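Q: pasting a predicted model and its sequence here:
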Amino acid sequence: MRGIVVCFLIIGCLIATAGTPNAAEGKSDSLKTSANLVIRNITFSGNKVTKERIIRRELLIREMDTIAIADISALLQQSRKNLVNTSLFNFVTVDSIPVPGQPEQIDVNFGFIERWYIWPVPILEFADRNFNEWLKKKDLNRINYGLFLTWNNFRGRREKLIVYARFGYDEKYELSYQIPYINKKQTWGFGVSTGFSQNHEIAYNSFDTIDESPFIGNKEVYFKSEDFYPKKTYFVFAETYYRKGIHNLSWFKFGYTDLLLADSVLIKNPDYSYGSKIRNQFLSFYYQFRSDYRDYKQYPLNGFYFDTELDKKGLGFFYEPEVNSLSIKSTFRKYYKIKGRLYYAYGLTGKVSPFWHQPYYYLRGLGYNRDFVRGYEYYVVDAQHFGLMKNNLKFELIPTRVFSLDFIPTDKFSKLYYAIYLNVYTDIGYAVDNRSKAYNPLANEILVGYGLGLDFVTYYDFVVRFEYSFNKMGESGFFIHFMPSI
């Protein structure tokens, strides 16, 4: 919700405000001394909340380092980008300052405008998979409301505290805490979370085989009750992460889930849960390795990203029924600058699950989160395995510009930036389903989507995409998304 407010606030000011291109970029003074330079002092300004040790963790330089002049600029700018990618700051600048009387030494200063870290945000969100799916129904009852309190950079140590209370269509209550570093070397982190959710309406299948109505292929089918909750879920998990350098992260998570269903759900779809039981309890283990060399995580234009993850639900201990679900998924994304203001990016995602049976609740194919072919936003393709390729060719229509809203008293909100990109795209996907082709007609078929889009990017990691897409079935439509496409 705060992102939508920010978006309209900025767009309303664009017409009347002239910005300065690339003012958000840091700078580094030209250095013309000997072949090497010594970093004498590193200082910081503007970090009123963030601790210095958290900042130094992201730097590629240290005091008394001897560095070749040819490498200084790249190291300073990469250090600045590392700091921007922490999502702790709206703006980061870097200056190299010659030391009087010492031509072979420099001082370095990093300047910051910190973000606002405490967000007691009212929740007003759509209960559907995406905004486009809700817009198709236009049902105001399918809205969730409540309070989402996020305290980022808690105590200035990059910790995160979340209190989540969502009422309305889909209720959810959660308390979680994360600390990125628990050891002196700042390589290990830890987090815990607990909560529960309950729903008056759930998607129990992606095709209808019980009712006498026509089959609904590749569309979620819902069961709704005003008198009781068809599904309740209780969960608790602990996680730890290891980050030795700057770009690579390993994430381990152990959890417990208790899934409770109404009999009505299993009448509609006996294959919703393991053993067709109203209760599934299981322990779970999740692991992800992530290698991130993107220039800016918010909206990357150069670099690459890779991750691979293993998700195992069911580790023994609970039987009758025994939950036994496993999936392995990998993603690779590459970003290029072709020339001038022209950029290209592609993304590859693949997922495999074992051939043993996995009920509907544990099975996810194309159509969820970021794993969808553009032009197919109204469809889901439940499958054991899938592959997805996304391609974007984009033109920087309005380069990054900075302007100030003088009527706002704090620079955490008054100084902001924006950029607009025009892009064309083509997506290709293929999902493998070994169940019934009659009820899942988009499975085992090559899916192709393409179109034209306009991306708006601004501070606080906010991205909104306006796209007009086509698919191979001859359908087309206008879609809105709130995350980068690749």
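A: Received, thanks.

Q: shaky segments in the stretch 151-300 of the chain?
A: 168-169, 208-216 (pLDDT under 70).

Q: would you confirm that Leu301 contacts Asp295?
A: Yes - counting by Cβ atoms under 8 Å, Leu301 sits close enough to Asp295 to count as a contact (6.0 Å). Yep, even glycine has a C-beta here, placed from its N, CA and C like the rest.

Q: overlap in contacts of those two?
A: Common contacts of Leu301 and Asp295, defined by Cβ atoms under 8 Å, 6 or more residues apart in numbering, comprise Tyr335.

Q: what's near enough to touch Gly189?
A: For Gly189, the contact set (Cβ under 8 Å, 6+ apart) comprises 178-182, 240-243.

Q: quick check: which element contains it?
A: strand 188-199 (DSSP states H and E).

Q: ok, that strand: who's next to it in the sheet?
A: strand 170-179 (antiparallel), strand 231-242 (antiparallel) (DSSP bridges).

Q: what angle sits between the following helix or strand past that strand and strand 170-179?
A: Scanning forward in sequence from strand 188-199 by DSSP H and E, the next helix or strand is strand 201-205. Relative orientation of strand 201-205 and strand 170-179, computed by axes from the mean of the first three to the mean of the last three Cα atoms, to 10 degrees: 90 degrees.

Q: strand partners of strand 201-205, parallel vs antiparallel please.
A: Under the criterion DSSP bridges, strand 201-205 sits next to strand 221-224 (antiparallel) in its sheet.

Q: just the CA trace of the partner strand, in CSV.
A: Output of strand 221-224 as CSV, limited to C-alpha atoms (Å, rounded to 0.1, in the frame of the first residue of the first chain):
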residue,chain,number,x,y,z
VAL,A,221,-11.4,-23.1,-8.3
TYR,A,222,-12.5,-21.8,-4.9
PHE,A,223,-14.4,-23.1,-2.0
LYS,A,224,-15.9,-20.5,0.3
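
Q: in PyMOL, how would I select the buried members of the contacts of Gly189?
A: To isolate the buried members of the contacts of Gly189 in PyMOL, using 16 or more other Cβ atoms under 10 Å:
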select buried, resi 178+179+180+181+241+243
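
Q: of the contacts of Gly189, closest to Lys51?
A: Comparing the contacts of Gly189 against Lys51 with Cβ to Cβ places Tyr181 closest, at 10.4 Å.

Q: specify the local secondary structure of the closest one.
A: The local conformation at Tyr181, judged by DSSP: H, G, I helix; E, B strand; the rest coil, is coil.

Q: for it, give its distance to Tyr346.
A: 34 Å (Cβ to Cβ, to the nearest Å).

Q: circling back to that earlier point, wait, which of the strands paired with strand 188-199 is closest to Tyr450?
A: In terms of Cβ to Cβ, the element of the strands paired with strand 188-199 nearest to Tyr450 is strand 170-179, at 32.8 Å.

Q: what residues sit buried inside the closest one?
A: Within strand 170-179, judged by 16+ other Cβ under 10 Å, the buried ones are 170-172, 174, 176, 178-179.

Q: make TSV from those residues and add distance to Gly195 to it.
A: Listed next are the buried residues of strand 170-179 as TSV, based on distance: Cβ to Cβ, whole Å:
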residue	distance to Gly195
Asp170	13
Glu171	10
Lys172	7
Glu174	3
Ser176	8
Gln178	14
Ile179	19
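
Q: closest to Phe479 out of those residues?
A: Of all the buried residues of strand 170-179, Asp170 has the smallest distance to Phe479: 22.1 Å, by Cβ to Cβ.

Q: and the residue of the chain most remote from its centre, what's its pLDDT?
A: Among residues of the chain, the one most distant from the C-alpha centroid is Gly101; the distance is 48.7 Å, by Cα atoms, centre = their mean. As predicted, Gly101 sits at a pLDDT of 90.

Q: what about it, distance to Val108?
A: To Val108, Gly101 is 18 Å away according to Cβ to Cβ.

Q: which stretches in the stretch 51-200 of the chain count as helices?
A: Ranges of helices in the stretch 51-200 of the chain, per DSSP state H, counting those that start in this stretch, are 52-56, 69-84, 131-137.

Q: walk me through the domains of this structure.
A: 1-21+364-486, 31-113 (automatic domain parsing).

Q: could I get the ones you listed as a markdown table with distance to Asn205?
A: Below are the domains of the chain laid out as a markdown table (distance: least, Cβ to Cβ, whole Å):
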| stretch | distance to Asn205 |
| --- | --- |
| domain 1-21+364-486 | 9 |
| domain 31-113 | 38 |
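
Q: least reliable of the ones you listed going by mean pLDDT?
A: domain 1-21+364-486 (a mean of 83).

Q: how far away from the center of its chain is the strand holding Gly189?
A: Relative to its parent chain, strand 188-199 has a centroid offset of 17 Å by Cα atoms, centre = their mean, to the nearest Å.

Q: same question, stretch 195-204
A: Offset of stretch 195-204 from its chain centre (Cα atoms, centre = their mean): 23 Å.

Q: ok, now stretch 56-69?
A: Distance of stretch 56-69 from the chain centroid (Cα atoms, centre = their mean) equals 31 Å.

Q: quick one: contacts of that stretch?
A: So stretch 56-69 is in contact with 31, 33-42, 75-76, 78-79, 82-83, 86, 108, 181, 186, 246, going by Cβ under 8 Å, 6+ apart.

Q: returning to what we had before: now the strands paired with strand 188-199 as CSV including distance to Val457?
A: CSV is the format used below for these (distance: least, Cβ to Cβ, whole Å):
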stretch, distance to Val457
strand 170-179, 26
strand 231-242, 27
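
Q: looking at those, which is nearest to Glu467?
A: Ranking those by their distance to Glu467 (criterion: Cβ to Cβ) puts strand 170-179 first, at 26.1 Å.

Q: helices along the stretch 201-350 of the chain, start to end?
A: Going by DSSP H, counting those that start in this stretch, the stretch 201-350 of the chain shows helices at 263-268.

Q: in it, which spans are strands?
A: For the stretch 201-350 of the chain, applying DSSP state E, counting those that start in this stretch gives strands covering 201-205, 221-224, 231-242, 248-261, 279-292, 303-313, 325-339, 342-352.

Q: what's across from the nearest residue to Ile118 once chain neighbours are set aside in the sheet?
A: Spatial nearest neighbour of Ile118, excluding adjacent residues (Cβ to Cβ, 6 or more residues apart in numbering): Trp151 at 5.2 Å. In this structure, Trp151 bridges to Ile118, Leu161 when assessed by DSSP bridges.

Q: test my guess that Trp151 contacts Leu161.
A: Yes - Trp151 is within contact range of Leu161, at 4.3 Å (criterion: Cβ under 8 Å).

Q: what is the neighbour count of Glu320?
A: By the criterion of other Cβ atoms under 10 Å, Glu320 has 9 neighbours.

Q: actually Tyr361, not the one I typed
A: The burial count for Tyr361: 23, using other Cβ under 10 Å.

Q: then Met64?
A: 9.

Q: repeat for Glu52
A: Burial of Glu52 is recorded as 12 neighbouring residues (other Cβ under 10 Å).
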